[in-house]
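Enquirer: got a sequence here, can you build the structure:
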Amino acid sequence: MTTADAGPEDTLDLKLPPEVLALFAEDPAVRPAAPAALDDLLDGVADWSPADTSAGTFRLVPIDLERDLPIVTHWMNDPTVAEFWELDGPPGIAEKHLRAQLDGDGRSVPCLGVLDDTPMSYWEIYRADLDPVARYYPARPHDTGIHLLIGGVSDRARGLGATLLRAVAEQILAHRPACARVIAEPELRNTPSVAAFLTAGFRFSAELELPGRRAALMIRDRAFRHLL
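Expert: Predicted coordinates for the structure are as follows:
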C-alpha cells in the first residue's frame with residue numbers, strides 16, 4: 001500500500017490555500033498533544049519530536065478527520081496512488097479507512113506528514129506484530145510498520161521519499177525502545193517505492209504472498225541503524 005517517489009507527470013497536484021497552511025504553522029491543535037498513556041501501543045506518536053532532514057523539518061501529525069479528510073481524499077484519487085491504495089472515490093471511502101484506525105485500539109495511527117509546516121504526505125504507523133500481515137512473515141514482538149504515500153507530484157521522483165522514510169524509521173527506533181525492527185511491505189511491482197526503502201537503509205528480506213498482492217518485505221534493523 002505504499003507509494004513513495006512514484007507518479008505520472010500529468011497527475012493533478014494540490015495547492016493548499018494559505019489559510020489551511022496557517023493551521024499547521026500556528027494552530028496548537030495540530031501540534032503534539034498531551035503525553036501518551038503508558039500502555040499506548042505505539043508509544044505516543046503525537047508526542048514524537050520533529051526530525052531535522054536535508055529537506056527541512058518534518059513531523060508526523062495524527063489525523064483529525066474533520067480537518068484532514070479533504071486532503072487525504074484528494075491524494076487517494078490521484079491515479080498513481082489509487083493504483084496501489086485502492087481508496088479512490090468519494091470521501092466516504094477514505095473516511096471509512098481512516099475511521100477504522102481512529103476508532104480502533106491504537107495499533108495503527110494515521111498521520112499527515114508535515115514538512116516545514118506544509119502537509120505533503122500520508123503515513124500509517126502500525127504495530128506489525130498485531131496486524132494481519134504478521135500471519136505472512138516471522139513477526140517479532142513490537143515490530144513496527146510503515147505505510148506511506150507522497151501527496152504532491154512535485155515531491156515525487158526526487159529522493160524525498162527515501163529521506164523521509166529514513167527519518168521516520170529513526171523516529172520509531174528512537175521513541176519505541178522495545179522495537180527492534182521497522183518493517184514495510186510495498187508491492188513488488190511498485191519498484192520506485194521498493195527503491196526508496198532500500199535507499200532509506202531498509203533491506204529486502206523476502207517476497208510475501210499477501211491477499212490480492214505480492215509484496216516485498218523490507219526491514220530496517222535497530223542493530224544496524226548506525227551503519228546504514
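Enquirer: what's the closest non-adjacent residue to the one residue sitting closest to the centre of the chain?
Expert: Computing the C-alpha centroid of the chain and ranking residues by CA atoms, centre = their mean puts residue 123 first, at 2.2 Å. Leaving aside its sequence neighbours, residue 123 sits nearest to residue 111 (CB to CB, 6 or more residues apart in numbering; 4.6 Å). For glycine as for every other residue, the C-beta is placed from the backbone atoms N, C-alpha and C.
Enquirer: how many other residues sit next to that neighbour?
Expert: Around residue 111 sit 22 other residues, with neighbours defined as other CB atoms under 10 Å.
Enquirer: again with the one 3 residues further on
Expert: Using other CB under 10 Å, residue 114 is surrounded by 22 other residues.
Enquirer: pretty sure residue 113 is touching residue 122, no?
Expert: Yes: shown here, residue 113 and residue 122 form a contact pair, counting by CB atoms under 8 Å, at 6.9 Å.
Enquirer: would you map the strands across the protein?
Expert: Along the chain, the segments classed as strands by DSSP state E run 51-53, 56-62, 108-115, 118-127, 144-150, 181-184, 203-210, 213-221.
Enquirer: hey, C-alpha coordinates of stretch 216-223 in CSV?
Expert: Taking C-alpha atoms only, stretch 216-223 is exported to CSV below (Å, rounded to 0.1, in the frame of the first residue of the first chain):
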residue,chain,number,x,y,z
ALA,A,216,8.4,-7.0,-0.7
LEU,A,217,9.2,-7.4,3.0
MET,A,218,11.5,-4.6,3.8
ILE,A,219,13.3,-4.4,7.2
ARG,A,220,15.3,-1.8,9.0
ASP,A,221,17.1,-3.3,12.0
ARG,A,222,17.9,-1.4,15.1
ALA,A,223,21.2,-3.2,15.4
